[in-house]
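Colleague: The amino acid sequence is not available; the structure is as follows:
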């Protein structure tokens, strides 16, 4: 079992920045690929970004690349999402996911989710 807890969400103005964190406990953090998803009101959960076990490979939703940066620190059992130039459409609950597959959009043999953190971008 892996327990995930997101933090760092909040209210920010258009053009501002936030850094989300996802702290993991339980099984070995470096065993899992990690990713971020988000869900806006009335919409389906969508993929944001993913990072492999070592942190050497990352990929992003095409529409977000360049504004968002995913990273991880295996020594701290923590993953991050740096979000810059925020827009109102970035308003959503952001979730972190740990998976045994790097294809974070798909179901892995083991998948774990955090409870989410709210990000609100005001105009």
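Modeller: All right, it came through fine. Just so you know, these numbers come straight off a predicted model, no measurement behind them.
Colleague: quick one, what contacts the most centrally placed residue in the chain?
Modeller: Using Cα atoms, centre = their mean, the residue of the chain that lies closest to the mean C-alpha position is residue 36, 2.3 Å off. The neighbourhood of residue 36, defined by Cβ atoms under 8 Å, 6 or more residues apart in numbering, consists of 20, 22, 48-50, 70, 79, 81, 94-97. For every residue, glycine as well, the C-beta is placed using N, CA and C.
Colleague: That one belongs to a helix?
Modeller: No - under DSSP: H, G, I helix; E, B strand; the rest coil, residue 36 sits outside any helix and is assigned strand.
Colleague: Quickly find the element holding the nearest residue to it once chain neighbours are set aside.
Modeller: Computed as Cβ to Cβ, 6 or more residues apart in numbering, the closest residue to residue 36 that is not its neighbour in sequence is residue 48, at 4.1 Å. Per DSSP states H and E: residue 48 is located in strand 46-51.
Colleague: For that strand, which helices and strands make contact with it?
Modeller: strand 33-39, strand 58-60, strand 68-73, strand 78-83 (3 or more Cβ pairs under 8 Å, 6 or more residues apart in numbering; DSSP states H and E).
Colleague: Name the surrounding residues that touch the last one.
Modeller: Read it as strand 78-83. 17-24, 34, 36, 48-49, 51, 67-73, 90, 94, 96, 119.
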